[in-house]
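> give me the fold of what follows.
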Amino acid sequence: MATDVITLIPGEIIECILENPNITFLDIIRFSMSCKHLYRTVKSNNKLWKVKYFQRWPLLKEYYEENNVELKVFNWLNEIQISIEIRRNLMHQLSLMSSKHYKREELSNSELKYLDPLFRPEQGAHQLSYYFLVDELINLINRPIIDTNLTYRYYAFIILRYLRQNYLTEEWQRFIHFPPNKQILEKGATIVAQWSQPERHVSYSYICSLLDDIANQTKNLLYERHPTHSIFSLPVEELLTWKYRNIDDNQWSTLETRQIMEALCEVLFQKLGFYGNSEMYYSSENSFIDRVLERKHGIPMTLAIIFESIARRLGVRCEPVSFPSHFLLRWKEKYNVPDPESIESFYIDVLNGGQFLTKKNCPRIGGISRCPIAKYNVHNPATAVEVVTRMAYNLDIAARQHIHLNGRATRIRSALELNYMMQPHDTTTILHLGRFYMLHQMDVSELVIMLQNVQKDLETREEVSLIQPMLQMFQKSHRSEEEIQPKRRTSKVKYAVGLIMTHKVDDNLCVITGWNTSCQPPVNWHQIEDSENLDQPFYNAFVDDGSSRYIPQEYLLLSTRPRMVNHYQIGHYFRYFKGTHYVPNEETSKEYPEDKEALENILKNYLN
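Have a look, this model is predicted:
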């Protein structure tokens, strides 16, 4: 009887009910199985399945909308089935990562090539697999840690970084092969932000929307002050063209151009409060265009990119000029003239509220002894590729100077690989990246091949001859994956893997990830603590300050207030946090097979 009543409900009402975000795919399938009528009603409702698809994977919506012509989907239920299968394959690969790579701290890109069929269309993947996988991995990483498989989370970040870097390498190649008028600064800055923050969803359309909003606010202020400005009689289509390409001159008279510049400076620096963060100049986040647009402070280069991008949308040309110790924007009243040096240059100092500088009023900037524009009009504007390459160089410096230990190696690697992606033939870049790879026992074969190609250039042949033998020697001695050798406890070993401890000397919280019955420090272990007694157990530990230490037993105490330890590699060894301790993953349990029972006994005695 109840079933009969349900069949009388119009399909539109059923659709409306099932579109509720709390109703899952499984709920709908179970509902549709109650009778043939509902099965046919639900299965054939393409609109319903489209709504449910984007409820489950909201980040994919913009990719489908941006590629609507190429990605016409006629069967959204089929799209869901494909996506679920992609997710199943992803989770299968995640489940194998720890067993494959447990003995490695840093994974080489060559070791992850087997993942390519998951996301590369030329290897059989769905055309949007990359975006789907990124969405899934970001969701996994951002889940509450208390409910998350930490080992999956740890390797999810590694896969995500690999996917991002593969995709963005191709994006960069497309960017540098655009004609110069289509190499717009915000696009290059977005690539840098996406590369450096793989776990964040930073889309180009999002960056554009933030810039568009500031441009619209500037137009609104301009209308209040100068309602007869020519920009208000221009077709919207023409304004849109400036958003997507560089302009070769100002589109207005000198007076109207100045009116736009004044309005932009007032909106950007006074109303919205953007400012240059000189105290944290080498903080990585001050370089990322998404973070600067959200937080309204950053380094001069990123502020200049934002200023230029908005000015261009309003028909004003600004040129980036890269000085050795400062970065400014140059503006002229006219550009396309027979004698460019006859036109006065104004330099916009975005670090100081958009102040206009000339040779006459240029102060000493950033502590340098001479005015950076002393040579006045002779400085050539920097190309978009040069600006973005300098951003990457700044990130390398920022990563090295970053005082926080947690994730420092990951930040340095990301910056080095970004520089290599942009300058693959630069021998200094290859040397720095090669040193990092060797330090972390990573594959250097790609760098060796690149050096062989670079060696053909006579100018760099001498430099290559110094670097190449070092990399080749390391390549020959590079160790393969080690097998897990179980360790047996002795009566001397007081603690167990997974216990949360307090360091007696500095009171830092830490978690034990391994141990030796005497001092036998692992290769490349970060900090080995001194002790006169080397014939005592030593513990590998992740410390709450982000460091990794090798600590003698005499320096450790069970923590009276255990909590999560803040260390980016925690998932390498552990699956879950259980309040009083961490639960080792399968590989860690194989290496320390007796520690589970020991941990339980220690906690039982301690808590009682």
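> pLDDT value on the residue positioned nearest the centre of the chain, please?
Closest to where the C-alpha atoms of the chain average out (CA atoms, centre = their mean) is Q197, at 1.3 Å. On the pLDDT scale, Q197 is placed at 96.
> what sits against the spatially closest residue to it that is not a sequence neighbour?
Nearest residue to Q197, sequence neighbours excluded (CB to CB, 6 or more residues apart in numbering): F288, at 6.4 Å. No exception for glycine: its C-beta is placed from N, CA and C like everyone else's. Neighbouring residues of F288 by CB atoms under 8 Å, 6 or more residues apart in numbering: V192, A193, S196, Q197, V202, G298, T302.
> with secondary structure and distance to M564 added, can I get those in a markdown table?
Shown next, in a markdown table, are the contacts of F288 (DSSP: H, G, I helix; E, B strand; the rest coil; distance: CB to CB, whole Å):
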| residue | secondary structure | distance to M564 |
| --- | --- | --- |
| V192 | helix | 31 |
| A193 | helix | 28 |
| S196 | helix | 25 |
| Q197 | coil | 22 |
| V202 | coil | 27 |
| G298 | strand | 31 |
| T302 | helix | 33 |
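> which one of those is nearest to P469?
When the contacts of F288 are compared for distance to P469 (CB to CB), S196 wins out at 32.3 Å.
> check which helix or strand the residue lying closest to the closest one once chain neighbours are set aside maps to.
Spatial nearest neighbour of S196, chain neighbours left out: S414 (5.7 Å); criterion: CB to CB, 6+ apart. In the assignment (DSSP states H and E), S414 maps to helix 408-422.
> past that helix, which element shows up next along the chain?
Counting by DSSP H and E, what follows helix 408-422 is helix 427-439.
> show me what that following helix is packed against.
Applying 3 or more CB pairs under 8 Å, 6 or more residues apart in numbering; DSSP states H and E, we find helix 427-439 packed against helix 408-422, helix 445-454, helix 461-477.
> the same query, at a cut-off of 10 Å, please.
The contact analysis (3 or more CB pairs under 10 Å, 6 or more residues apart in numbering; DSSP states H and E) places helix 427-439 against helix 384-401, helix 408-422, helix 445-454, helix 461-477.
> turn the ones you listed into CSV, columns for mean neighbour count and mean pLDDT.
Output for those, formatted as CSV (neighbours: other CB atoms under 10 Å; pLDDT from 0 to 100):
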stretch, mean neighbour count, mean pLDDT
helix 384-401, 19, 91
helix 408-422, 21, 94
helix 445-454, 17, 86
helix 461-477, 14, 76
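> ok so, going back, which residues touch the residue nearest to S196?
R161, R164, Q165, W195, S196, Q197, P198, S284, L395, D396, A399, G407 (CB atoms under 10 Å, 6 or more residues apart in numbering).
> and the third one, that's in a strand?
No - secondary structure of Q165, determined by DSSP: H, G, I helix; E, B strand; the rest coil: helix, with no strand assignment.
> that one contacts L418, doesn't it?
Yes - counting by CB atoms under 10 Å, Q165 touches L418, with 8.5 Å between them.
> shared neighbours of these two, which are they?
With CB under 10 Å, 6+ apart, Q165 and L418 have common neighbours W195.
> follow-up on the earlier one: ok, the residue nearest to the centre of the chain to N286 distance?
For Q197, the distance to N286 equals 13 Å [CB to CB, to the nearest Å].
> which neighbours do those two share?
Common neighbours of Q197 and N286 (CB under 10 Å, 6+ apart) do not exist.
> just to revisit the earlier point, reformat the contacts of F288 as TSV; add distance to Q81.
Formatted as TSV, these follow (distance: CB to CB, whole Å):
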residue	distance to Q81
V192	37
A193	34
S196	35
Q197	32
V202	29
G298	44
T302	43
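> so which strand or helix has the residue lying closest to S309 once chain neighbours are set aside?
When the adjacent residues along the chain are set aside, S309 lies closest to E186, with 4.4 Å between them (CB to CB, 6+ apart). Applying DSSP H and E as the criterion places E186 in helix 185-196.
> distance from the chain centre to that helix, please.
Taking the mean of its C-alpha atoms, helix 185-196 sits 10 Å from the chain's own mean (CA atoms, centre = their mean, to the nearest Å).
> go through it and flag the buried ones.
By 16 or more other CB atoms under 10 Å, the buried positions in helix 185-196 come out as L185, E186, K187, G188, A189, T190, I191, V192, A193, Q194, W195, S196.
> quick one, it and helix 408-422 angle?
Angle of helix 185-196 versus helix 408-422, following axes from the mean of the first three to the mean of the last three CA atoms, to 10 degrees, is 140 degrees.
> so L128 makes contact with P121?
Yes - contact criterion CB under 10 Å: L128 and P121 qualify, at 9.0 Å.
> more crowded one of the two?
Each of L128 and P121 has its neighbours counted (other CB atoms under 10 Å); L128 has more, 22 against 11.
> ramachandran coordinates for the more buried one?
phi -110, psi 20 (degrees, to the nearest 10).
> going forward, count from 10.
Right, with 10 as the first residue, what we last looked at is L137.
> that one - nearest residue in space that isn't next to it in sequence?
Y72 (6.2 Å).
> which residues sit against the strand or helix carrying the one you found?
In this assignment (DSSP H and E), Y72 forms part of helix 70-75. Residues outside helix 70-75 that contact it (CB under 10 Å, 6+ apart): 59, 62-64, 66, 80-82, 88, 137, 139-141, 143-144, 210, 212-215.
> if we use 8 Å, what do you get?
By CB under 8 Å, 6+ apart, the residues outside helix 70-75 that reach it are F63, L80, V82, L137, Y140, S212, S214.
> how much space separates the third one from L149?
So the one you mean is V82. Distance, V82 to L149, by CB to CB: 25 Å.
> okay, the two: which has more neighbours?
Each of V82 and L149 has its neighbours counted (other CB under 10 Å); L149 has more, 20 against 14.
> what's the helix or strand where that one lies packed up against?
Here L149 sits within helix 138-150, counting by DSSP H and E. Helices and strands touching helix 138-150, by 3+ CB pairs under 8 Å, 6+ apart, are helix 85-110, helix 125-128, helix 159-185.
> state the mean pLDDT of the first one.
So that's helix 85-110. Helix 85-110 comes out at a mean pLDDT of 94.
> again, but for the longest one
What helix 159-185 shows for mean pLDDT is 97.
> what residues of it count as buried?
Buried residues in helix 159-185, counted by 16+ other CB under 10 Å: 159-178, 180-181, 184.
> and stretch 491-507, how far from the chain's centre?
Put simply, stretch 491-507 sits 36 Å off its chain's centre (CA atoms, centre = their mean).
> residues making contact with that stretch?
If you take CB under 8 Å, 6+ apart as the criterion, stretch 491-507 is touched by 111-112, 510, 520-526, 545-546, 548, 562, 565, 567, 582-583, 590-593, 596-597, 599-605, 607-608, 611.
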